[in-house]
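**Q** okay, structure incoming, though there's no sequence with it:
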């Protein structure tokens, strides 16, 4: 016996996860200001194992356009520097042996447009993801209706509730997209 609240709760949880994933992805997209999220997930080859930078170093923001990376193990500074150079951040690390400084160059108008387009693509992926959740929910509702768990009216009401969930989450994605695009395009 399938409960209507179970189907809707599962759909809500999965849609929330899609939005949470979108937020995490957008944290790594550069704006005019420095943020630890730009570098914390860079993979560093640390003793043969790809390790996230945030596990190997303290990351701070001493100035609005600068990132300071202080490795816990000074011997890892060279590997951290190489990993930053390999990443597509477009920053040149300055390594003094104890810490690594990254200065964010100003974004050109063309770079800003490319980043805004990337935000749009990520948001569209999130929309597709939540629509897939709705599709799965609708399938569960239809199969439960065929099994006799719900009447036709209850099934119809659940379809409408699921559609309402989708609309709410799509509005959330639109707001996130608008905010991030404004951050990128603001000089």
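**A** That came through, no problem. Here the structure is a predicted model, which is why all the values come from computation and not from measurement.

**Q** next one: phi and psi at the residue in the chain sticking out farthest from the centre?
**A** Distance from the C-alpha centroid of the chain, by C-alpha atoms, centre = their mean, peaks at residue 148 (40.0 Å). When read as degrees, to the nearest 10, the backbone of residue 148 gives phi 90, psi 10.

**Q** burial measure for residue 75, as a count.
**A** By the measure other C-beta atoms under 10 Å, the count of residues near residue 75 is 9. Any C-beta I mention is one placed from the backbone N, CA and C, and that applies to glycine too.

**Q** same check on residue 3?
**A** Neighbours of residue 3 using other C-beta under 10 Å come to 11.

**Q** so which strand or helix has the residue nearest the centre of the chain?
**A** In the chain, the centroid-proximal residue (C-alpha atoms, centre = their mean) is residue 25; its distance is 2.0 Å. Using DSSP states H and E, the element containing residue 25 is helix 4-27.

**Q** now do the buried residues in stretch 98-108.
**A** 99-102, 104, 107 (16 or more other C-beta atoms under 10 Å).

**Q** need those residues in JSON lines (columns: pLDDT, secondary structure and distance to residue 73).
**A** Putting the buried residues of stretch 98-108 into JSON lines (pLDDT from 0 to 100; DSSP: H, G, I helix; E, B strand; the rest coil; distance: C-beta to C-beta, whole Å) gives the following:
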{"residue": "99", "pLDDT": "89", "secondary structure": "coil", "distance to residue 73": "13"}
{"residue": "100", "pLDDT": "90", "secondary structure": "strand", "distance to residue 73": "13"}
{"residue": "101", "pLDDT": "92", "secondary structure": "strand", "distance to residue 73": "18"}
{"residue": "102", "pLDDT": "89", "secondary structure": "strand", "distance to residue 73": "19"}
{"residue": "104", "pLDDT": "82", "secondary structure": "coil", "distance to residue 73": "26"}
{"residue": "107", "pLDDT": "79", "secondary structure": "coil", "distance to residue 73": "33"}
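
**Q** would you list those in a markdown table and tack on distance to residue 179?
**A** As requested, the buried residues of stretch 98-108 are exported to a markdown table (distance: C-beta to C-beta, whole Å):
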| residue | distance to residue 179 |
| --- | --- |
| 99 | 32 |
| 100 | 30 |
| 101 | 29 |
| 102 | 25 |
| 104 | 20 |
| 107 | 17 |
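
**Q** tell me what the longest helix belonging to the chain is packed against?
**A** What stands out as the longest helix in the chain, according to DSSP state H, is helix 109-146. Secondary-structure packing of helix 109-146 (3 or more C-beta pairs under 8 Å, 6 or more residues apart in numbering; DSSP states H and E): helix 4-27, helix 152-185.

**Q** got those as CSV, with mean pLDDT columns?
**A** CSV is the format used below for the helices and strands packed on helix 109-146 (pLDDT from 0 to 100):
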stretch, mean pLDDT
helix 4-27, 90
helix 152-185, 92
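
**Q** export these to CSV and tack on distance to residue 72?
**A** Output for those, formatted as CSV (distance: least, C-beta to C-beta, whole Å):
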stretch, distance to residue 72
helix 4-27, 23
helix 152-185, 31
